[in-house]
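Q: everything below, folded, please.
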Amino acid sequence: MTGAQQNPFPVVALNYREGDLIIKEGDYGISIYKIKRGKVLIFKESGDKEVALSTLEPGAIFGEIAFLSKAGETRSASARALEDSELEVWHPSMLAEEYQDMSPMLRYVINHVLTRLLRMSRLLVQLSDNERNRRKAMGKSDPYASRRNYYRKNINLECHYWPVRLSPKVGLTGRIRDVSLTGVGLEIAAGNTAYFSHMEGERFVINTVLPNGKRLELEAKIVTSTISETHKSLFLGMSITELSADAKKSLGFLLMP
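A: Residues are numbered from 1 along each chain as shown. Purely as a prediction, here's the structure:
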(Lines give C-alpha, C1' and ligand atoms only; values in the text may rest on other atoms or scores of the structure.)
Protein backbone atom coordinates (compact mmCIF):
# COMPACT_ATOMS: atom_id res chain seq x y z
CA MET A 1 0.00 0.00 0.00
CA THR A 2 1.36 3.42 -0.92
CA GLY A 3 0.41 6.97 -0.04
CA ALA A 4 -0.75 8.57 3.20
CA GLN A 5 -3.06 6.65 5.48
CA GLN A 6 -6.70 7.66 5.02
CA ASN A 7 -8.31 9.55 7.88
CA PRO A 8 -10.71 7.07 9.58
CA PHE A 9 -12.97 10.01 10.54
CA PRO A 10 -13.34 12.20 7.42
CA VAL A 11 -15.21 15.50 7.40
CA VAL A 12 -18.93 14.93 6.74
CA ALA A 13 -21.46 17.39 5.28
CA LEU A 14 -24.99 17.25 6.70
CA ASN A 15 -28.11 19.20 5.75
CA TYR A 16 -30.87 20.23 8.14
CA ARG A 17 -34.28 21.72 7.41
CA GLU A 18 -35.66 24.76 9.20
CA GLY A 19 -36.76 23.74 12.71
CA ASP A 20 -34.69 20.53 12.84
CA LEU A 21 -33.04 19.77 16.19
CA ILE A 22 -29.29 19.22 15.62
CA ILE A 23 -28.08 18.47 19.14
CA LYS A 24 -30.00 18.23 22.43
CA GLU A 25 -28.82 19.40 25.82
CA GLY A 26 -27.79 16.48 28.04
CA ASP A 27 -27.37 13.99 25.21
CA TYR A 28 -24.09 12.21 24.55
CA GLY A 29 -22.19 13.73 21.64
CA ILE A 30 -18.64 14.33 20.48
CA SER A 31 -18.94 15.88 17.01
CA ILE A 32 -18.05 19.51 16.32
CA TYR A 33 -20.07 21.45 13.74
CA LYS A 34 -19.14 24.30 11.40
CA ILE A 35 -21.92 26.22 9.65
CA LYS A 36 -21.43 26.38 5.90
CA ARG A 37 -24.87 27.79 5.07
CA GLY A 38 -27.88 28.87 7.12
CA LYS A 39 -28.43 29.92 10.74
CA VAL A 40 -28.45 27.92 13.98
CA LEU A 41 -29.96 28.82 17.36
CA ILE A 42 -28.10 27.71 20.49
CA PHE A 43 -30.40 27.47 23.50
CA LYS A 44 -30.86 25.92 26.92
CA GLU A 45 -34.05 24.45 28.31
CA SER A 46 -35.59 25.75 31.52
CA GLY A 47 -38.73 23.88 32.45
CA ASP A 48 -40.96 24.05 29.39
CA LYS A 49 -39.21 27.18 28.09
CA GLU A 50 -36.25 27.68 25.77
CA VAL A 51 -33.64 30.31 26.66
CA ALA A 52 -31.78 31.56 23.59
CA LEU A 53 -28.00 31.85 24.09
CA SER A 54 -26.87 32.88 20.61
CA THR A 55 -27.70 32.81 16.92
CA LEU A 56 -24.84 31.50 14.78
CA GLU A 57 -24.23 32.23 11.11
CA PRO A 58 -21.94 30.76 8.41
CA GLY A 59 -18.37 30.32 9.59
CA ALA A 60 -19.31 29.79 13.25
CA ILE A 61 -18.74 26.49 15.07
CA PHE A 62 -20.62 24.80 17.90
CA GLY A 63 -20.44 21.52 19.81
CA GLU A 64 -16.86 22.25 20.82
CA ILE A 65 -17.61 22.53 24.54
CA ALA A 66 -18.07 18.77 24.94
CA PHE A 67 -14.63 18.29 23.38
CA LEU A 68 -12.90 20.98 25.44
CA SER A 69 -14.54 20.27 28.81
CA LYS A 70 -14.19 16.45 28.69
CA ALA A 71 -17.02 16.42 31.24
CA GLY A 72 -18.72 13.21 30.28
CA GLU A 73 -19.01 14.44 26.69
CA THR A 74 -22.65 15.44 27.20
CA ARG A 75 -24.05 18.49 25.45
CA SER A 76 -24.26 21.64 27.57
CA ALA A 77 -26.91 23.22 25.29
CA SER A 78 -29.21 22.42 22.38
CA ALA A 79 -28.96 23.57 18.76
CA ARG A 80 -31.73 24.00 16.21
CA ALA A 81 -31.65 25.09 12.56
CA LEU A 82 -33.40 28.46 12.17
CA GLU A 83 -33.43 27.98 8.40
CA ASP A 84 -32.35 25.31 5.94
CA SER A 85 -28.69 24.79 6.82
CA GLU A 86 -25.62 22.92 5.64
CA LEU A 87 -23.12 21.87 8.32
CA GLU A 88 -19.61 20.47 8.21
CA VAL A 89 -19.14 17.82 10.91
CA TRP A 90 -15.74 17.14 12.47
CA HIS A 91 -14.79 14.15 14.61
CA PRO A 92 -12.81 15.33 17.69
CA SER A 93 -9.95 12.97 16.85
CA MET A 94 -9.09 15.43 14.06
CA LEU A 95 -8.26 18.02 16.73
CA ALA A 96 -7.08 15.87 19.64
CA GLU A 97 -3.41 15.78 18.65
CA GLU A 98 -3.22 19.53 18.00
CA TYR A 99 -4.97 20.19 21.33
CA GLN A 100 -2.49 18.03 23.23
CA ASP A 101 0.44 19.74 21.50
CA MET A 102 -0.65 23.16 22.79
CA SER A 103 1.37 24.69 25.57
CA PRO A 104 0.04 24.06 29.11
CA MET A 105 -0.43 27.82 29.52
CA LEU A 106 -2.63 28.08 26.44
CA ARG A 107 -4.75 25.12 27.56
CA TYR A 108 -5.06 26.78 30.97
CA VAL A 109 -6.39 29.98 29.34
CA ILE A 110 -8.88 28.01 27.21
CA ASN A 111 -10.17 26.12 30.26
CA HIS A 112 -10.74 29.39 32.13
CA VAL A 113 -12.60 30.92 29.19
CA LEU A 114 -14.71 27.77 28.94
CA THR A 115 -15.56 27.85 32.66
CA ARG A 116 -16.58 31.50 32.37
CA LEU A 117 -18.76 30.76 29.32
CA LEU A 118 -20.60 27.94 31.08
CA ARG A 119 -21.13 30.11 34.14
CA MET A 120 -22.59 32.92 32.01
CA SER A 121 -24.95 30.47 30.29
CA ARG A 122 -26.26 29.27 33.66
CA LEU A 123 -26.67 32.88 34.80
CA LEU A 124 -28.63 33.73 31.67
CA VAL A 125 -31.05 30.86 32.32
CA GLN A 126 -31.44 31.98 35.95
CA LEU A 127 -32.16 35.57 34.89
CA SER A 128 -34.72 34.31 32.38
CA ASP A 129 -36.43 32.26 35.10
CA ASN A 130 -36.49 35.28 37.41
CA GLU A 131 -38.02 37.47 34.68
CA ARG A 132 -40.67 34.85 33.89
CA ASN A 133 -41.59 34.58 37.57
CA ARG A 134 -41.78 38.37 37.80
CA ARG A 135 -44.15 38.52 34.83
CA LYS A 136 -46.31 35.79 36.33
CA ALA A 137 -46.52 37.79 39.56
CA MET A 138 -47.54 40.91 37.62
CA GLY A 139 -50.19 38.89 35.78
CA LYS A 140 -51.68 37.79 39.09
CA SER A 141 -51.84 41.39 40.29
CA ASP A 142 -53.69 42.36 37.09
CA PRO A 143 -56.21 39.59 36.28
CA TYR A 144 -57.23 41.34 33.05
CA ALA A 145 -53.71 41.54 31.56
CA SER A 146 -53.80 38.20 29.76
CA ARG A 147 -57.40 38.79 28.64
CA ARG A 148 -56.32 41.98 26.85
CA ASN A 149 -53.67 40.02 24.93
CA TYR A 150 -56.16 37.43 23.69
CA TYR A 151 -59.19 39.70 23.19
CA ARG A 152 -60.20 39.45 19.51
CA LYS A 153 -61.87 42.23 17.59
CA ASN A 154 -63.95 41.52 14.49
CA ILE A 155 -62.86 43.77 11.63
CA ASN A 156 -62.84 43.79 7.83
CA LEU A 157 -59.55 45.11 6.49
CA GLU A 158 -58.01 44.44 3.10
CA CYS A 159 -54.38 43.38 3.40
CA HIS A 160 -51.35 42.41 1.36
CA TYR A 161 -49.42 39.30 2.47
CA TRP A 162 -46.42 37.23 1.36
CA PRO A 163 -44.12 34.45 2.68
CA VAL A 164 -41.46 35.78 5.06
CA ARG A 165 -38.61 34.72 2.76
CA LEU A 166 -39.99 36.34 -0.36
CA SER A 167 -40.31 39.88 -1.65
CA PRO A 168 -43.51 41.89 -1.13
CA LYS A 169 -43.69 42.04 -4.93
CA VAL A 170 -44.93 38.43 -4.99
CA GLY A 171 -47.60 39.10 -2.38
CA LEU A 172 -51.32 38.40 -2.65
CA THR A 173 -54.39 40.09 -1.20
CA GLY A 174 -56.70 38.92 1.57
CA ARG A 175 -58.98 40.30 4.25
CA ILE A 176 -58.34 40.42 7.99
CA ARG A 177 -61.57 39.32 9.66
CA ASP A 178 -60.47 39.39 13.31
CA VAL A 179 -57.34 40.32 15.24
CA SER A 180 -55.81 40.35 18.74
CA LEU A 181 -52.36 41.11 20.13
CA THR A 182 -51.45 37.45 19.65
CA GLY A 183 -53.38 36.28 16.61
CA VAL A 184 -55.12 37.19 13.37
CA GLY A 185 -57.87 35.63 11.27
CA LEU A 186 -57.15 35.99 7.56
CA GLU A 187 -59.63 35.21 4.75
CA ILE A 188 -58.11 34.57 1.32
CA ALA A 189 -59.27 33.38 -2.09
CA ALA A 190 -58.81 29.63 -2.43
CA GLY A 191 -56.93 30.28 -5.66
CA ASN A 192 -54.12 31.96 -3.68
CA THR A 193 -52.88 28.51 -2.66
CA ALA A 194 -51.76 27.92 -6.25
CA TYR A 195 -49.04 30.56 -5.89
CA PHE A 196 -47.32 29.33 -2.73
CA SER A 197 -47.91 26.91 0.14
CA HIS A 198 -50.51 27.75 2.79
CA MET A 199 -49.91 24.70 4.97
CA GLU A 200 -50.00 24.86 8.77
CA GLY A 201 -46.71 26.22 10.11
CA GLU A 202 -46.05 28.48 7.10
CA ARG A 203 -45.12 32.06 8.09
CA PHE A 204 -46.20 35.23 6.31
CA VAL A 205 -45.74 38.98 6.50
CA ILE A 206 -49.11 40.76 6.63
CA ASN A 207 -49.38 44.44 5.72
CA THR A 208 -52.52 46.55 6.05
CA VAL A 209 -53.76 50.07 6.76
CA LEU A 210 -55.75 50.56 9.96
CA PRO A 211 -58.97 52.64 10.08
CA ASN A 212 -56.97 55.54 11.58
CA GLY A 213 -54.73 55.58 8.50
CA LYS A 214 -51.69 54.02 10.18
CA ARG A 215 -49.91 51.18 8.43
CA LEU A 216 -49.59 47.90 10.32
CA GLU A 217 -47.12 45.15 9.46
CA LEU A 218 -46.61 41.91 11.35
CA GLU A 219 -45.42 38.33 10.91
CA ALA A 220 -47.76 35.42 11.63
CA LYS A 221 -47.79 31.63 11.37
CA ILE A 222 -50.69 29.53 10.13
CA VAL A 223 -52.18 27.44 12.95
CA THR A 224 -55.46 26.32 11.39
CA SER A 225 -57.08 26.54 7.97
CA THR A 226 -60.76 26.07 7.06
CA ILE A 227 -62.18 26.07 3.54
CA SER A 228 -65.60 27.63 2.92
CA GLU A 229 -68.62 25.59 1.91
CA THR A 230 -68.37 27.00 -1.61
CA HIS A 231 -64.65 26.15 -1.75
CA LYS A 232 -64.00 29.67 -3.00
CA SER A 233 -62.27 31.01 0.10
CA LEU A 234 -60.00 29.84 2.88
CA PHE A 235 -59.94 31.11 6.48
CA LEU A 236 -56.53 31.03 8.15
CA GLY A 237 -56.23 31.13 11.93
CA MET A 238 -52.77 32.60 12.52
CA SER A 239 -50.53 33.16 15.52
CA ILE A 240 -48.51 36.40 15.52
CA THR A 241 -44.78 35.59 15.66
CA GLU A 242 -43.28 39.05 15.28
CA LEU A 243 -44.74 42.44 16.17
CA SER A 244 -42.69 45.61 16.61
CA ALA A 245 -43.27 47.94 19.55
CA ASP A 246 -44.85 50.57 17.29
CA ALA A 247 -47.08 47.99 15.60
CA LYS A 248 -48.15 46.63 18.99
CA LYS A 249 -49.05 50.14 20.11
CA SER A 250 -51.12 50.79 16.97
CA LEU A 251 -52.85 47.44 17.30
CA GLY A 252 -53.52 48.12 20.98
CA PHE A 253 -55.38 51.32 20.12
CA LEU A 254 -57.45 49.43 17.55
CA LEU A 255 -58.44 46.87 20.19
CA MET A 256 -59.60 49.47 22.69
CA PRO A 257 -63.36 49.33 23.35
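Q: residues contacting N156?
A: Listed by CB atoms under 8 Å, 6 or more residues apart in numbering, the contact partners of N156 are 175-177. Every C-beta, even on glycine, is put in place using the N, C-alpha and C of the backbone.
Q: and for L87?
A: Per CB under 8 Å, 6+ apart, neighbours of L87: 13-16, 22, 33-36, 38, 40.
Q: I'd say L254 and D178 touch.
A: No - the criterion here is CB atoms under 8 Å, and L254 misses it with D178 at 11.4 Å.
Q: find residues that contact each of those two.
A: Counting by CB under 8 Å, 6+ apart, the residues touching both L254 and D178 are 153, 155.
Q: helices of the stretch 1-150 of the chain, start to end?
A: Under the criterion DSSP state H, counting those that start in this stretch, the stretch 1-150 of the chain contains helices at 64-69, 93-101, 104-141, 145-150.
Q: run the chain-centre distance for the following helix or strand past the last one.
A: What that stands for is helix 145-150. Going down the chain from helix 145-150, the next helix or strand is strand 153-163, by DSSP states H and E. Distance of strand 153-163 from the chain centroid (CA atoms, centre = their mean, to the nearest Å) equals 24 Å.
Q: so after strand 153-163, what's the next helix or strand?
A: In N-to-C order, the element after strand 153-163 by DSSP H and E is strand 172-179.
Q: sorry, back to before: going by mean pLDDT, which of the helices of the stretch 1-150 of the chain comes out lowest?
A: Per-stretch mean pLDDT for the helices of the stretch 1-150 of the chain is lowest at helix 145-150 (a mean of 50).
Q: what helices or strands is the strand or helix carrying L234 leaning on?
A: Using DSSP H and E, L234 sits in strand 233-242. Other elements packing on strand 233-242 under the criterion 3 or more CB pairs under 8 Å, 6 or more residues apart in numbering; DSSP states H and E are strand 183-189, strand 203-209, strand 215-227.
Q: go again using 7 Å as the cut-off
A: Helices and strands touching strand 233-242, by 3 or more CB pairs under 7 Å, 6 or more residues apart in numbering; DSSP states H and E, are strand 183-189, strand 215-227.
Q: circling back to that earlier point, and which of the contacts of N156 is nearest S244?
A: I176 (17.3 Å; CB to CB).
Q: how far away is that closest one from A81?
A: 31 Å (CB to CB, to the nearest Å).
Q: try N111
A: N111 is 30 Å from A81, by CB to CB.
Q: do the same with E57
A: Distance from E57 to A81, by CB to CB: 12 Å.
Q: ditto for P92
A: For P92, the distance to A81 - CB to CB - is 22 Å.
Q: tell me which of these two has more neighbours.
A: A81 (21 against 18; other CB atoms under 10 Å).
Q: show me what contacts that one?
A: 16-20, 22, 38, 40 (CB atoms under 7 Å, 6 or more residues apart in numbering).
Q: turn the residues you listed into JSON lines, including neighbour count.
A: Formatted as JSON lines, these follow (neighbours: other CB atoms under 10 Å):
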{"residue": "Y16", "neighbour count": "20"}
{"residue": "R17", "neighbour count": "10"}
{"residue": "E18", "neighbour count": "15"}
{"residue": "G19", "neighbour count": "11"}
{"residue": "D20", "neighbour count": "15"}
{"residue": "I22", "neighbour count": "22"}
{"residue": "G38", "neighbour count": "19"}
{"residue": "V40", "neighbour count": "24"}
